[in-house]
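A.B. asks: Give me a 3D structure for the following:
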Amino acid sequence: MTSMDASRGATWGVGSTIETSASILFKNFVPFVGTALVASLPSLIFAQIVSSEAAQGIVNFIISQIVTVTLIYGAMQALRQRQISISECLEQGFRRLGAALGVAIVSAICFAIGLVALVIPGLILMTMWAVAIPAATIEQAGVGASLSRSAALTRERRWRVFGAVLVAGIITIIVSIIAGGIAGAITGTNSFLFTVVIWALSAVSQAFSACVSATLYYFLRREKEGVEIDQIATVFD
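C.D. replies: Numbering: from 1, shown residues only. Modelled structure (predicted):
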């Protein structure tokens, strides 16, 4: 039984979410990471031109959200067992960028405020809005509607959603630290090559995060609404 079969109905969990997300990424590694690299190339160029860390942080955040949107399409097609190309991911992603980017910015600001305030409110918002970007990308709803849609889909399943997001984050951090440490030891942390390696690692991390977000959205809709992936992804046909 595959992880996607095991997740039917109410039986999906943290493990099946991570397993399915990882399977999507590894089976489509070249188009996914290639899309992430192409979409995030401006951040690498910007970092070489502008020295301000604050400016780099803002640009990197915006670019990372663009990467997520482009790969939501790819993840949905992968769940349908369809072939994926870099050009298709970029085309579909940029076509649906508007509301999704607005969702990302609003949710990030609220998340940051919640963390600064008491930490827990920020984590609650992060969990509530975990599938807001897929909702905006696939359903093409506005910012407020996408956030509300995510809150409705995650209701009564937020511990699972939080667990999946947390485990995915831990995996990403551990892999990035190990790979970054090895790269730094070989190339030196002040070299351009090290910067390129970190950029590539970020692309892989963003691709995995997008797979997790899309998988959660799919699992939640299938459980709560009884729809299958072909019904969800018909918006891309």
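A.B. asks: and for stretch 166-173, what are the contacting residues?
C.D. replies: The list of residues contacting stretch 166-173 from outside it, by CB atoms under 8 Å, 6 or more residues apart in numbering, reads 14, 18, 21, 205, 208-209, 212. Glycine gets a C-beta too; all of them are placed from N, C-alpha and C.
A.B. asks: Select from those the one having the most neighbours.
C.D. replies: Within these, most neighbours by other CB atoms under 10 Å means Val212, with 27 neighbours.
A.B. asks: That residue sits in which helix or strand?
C.D. replies: Using DSSP states H and E, Val212 sits within helix 192-225.
A.B. asks: what's the answer for Glu91, then?
C.D. replies: Using DSSP H and E, Glu91 maps to helix 86-95.
A.B. asks: for the next helix or strand after that helix, which positions count as buried?
C.D. replies: As assigned by DSSP H and E, the chain's next helix or strand after helix 86-95 is helix 97-117. Using 16 or more other CB atoms under 10 Å as the burial criterion, the residues of helix 97-117 that qualify are 97, 99-104, 106-108, 110-111, 114.
A.B. asks: coming back round to it: can you name the next helix or strand after the helix holding Val212?
C.D. replies: Immediately after helix 192-225, counting by DSSP H and E, sits helix 229-232.
A.B. asks: Counting by contacts, list what that next one packs against.
C.D. replies: Under the contact definition 3 or more CB pairs under 8 Å, 6 or more residues apart in numbering; DSSP states H and E, helix 229-232 sits against helix 53-79, helix 192-225.
A.B. asks: Worst mean pLDDT among the ones you listed?
C.D. replies: Looking at these, the lowest mean pLDDT belongs to helix 53-79 (a mean of 83).
A.B. asks: What separation is there between the residue positioned nearest the centre of the chain and Leu115?
C.D. replies: Nearest to the geometric centre of the chain sits Ala210, at 2.3 Å (CA atoms, centre = their mean). Taking CB to CB, to the nearest Å as the measure, Ala210 falls 22 Å from Leu115.
A.B. asks: one step back: ok and the helix holding Val212 relative to helix 86-95, angle-wise?
C.D. replies: Comparing the axes of helix 192-225 and helix 86-95 via axes from the mean of the first three to the mean of the last three CA atoms, to 10 degrees yields an angle of 70 degrees.
A.B. asks: Next, the buried residues of helix 192-225.
C.D. replies: 194-195, 197-223.
A.B. asks: Over to stretch 67-84?
C.D. replies: Going by neighbour count (16+ other CB under 10 Å), the buried part of stretch 67-84 is 67-80, 84.
A.B. asks: of all those, which comes closest to Ala164?
C.D. replies: Ala164 lies nearest to Ala75 out of these, by CB to CB, at 14.1 Å.
A.B. asks: I figured Val196 hits Ser43, correct?
C.D. replies: No. Because the distance of 11.9 Å does not satisfy CB atoms under 8 Å, Val196 is recorded as not touching Ser43.
A.B. asks: How about the secondary structure of Thr189?
C.D. replies: Of the three states, Thr189 takes coil according to DSSP: H, G, I helix; E, B strand; the rest coil.
A.B. asks: Tell me the predicted confidence for it.
C.D. replies: At Thr189, the model reports a pLDDT of 71.
A.B. asks: residues near it, how many?
C.D. replies: For Thr189, using other CB under 10 Å, the count is 12.
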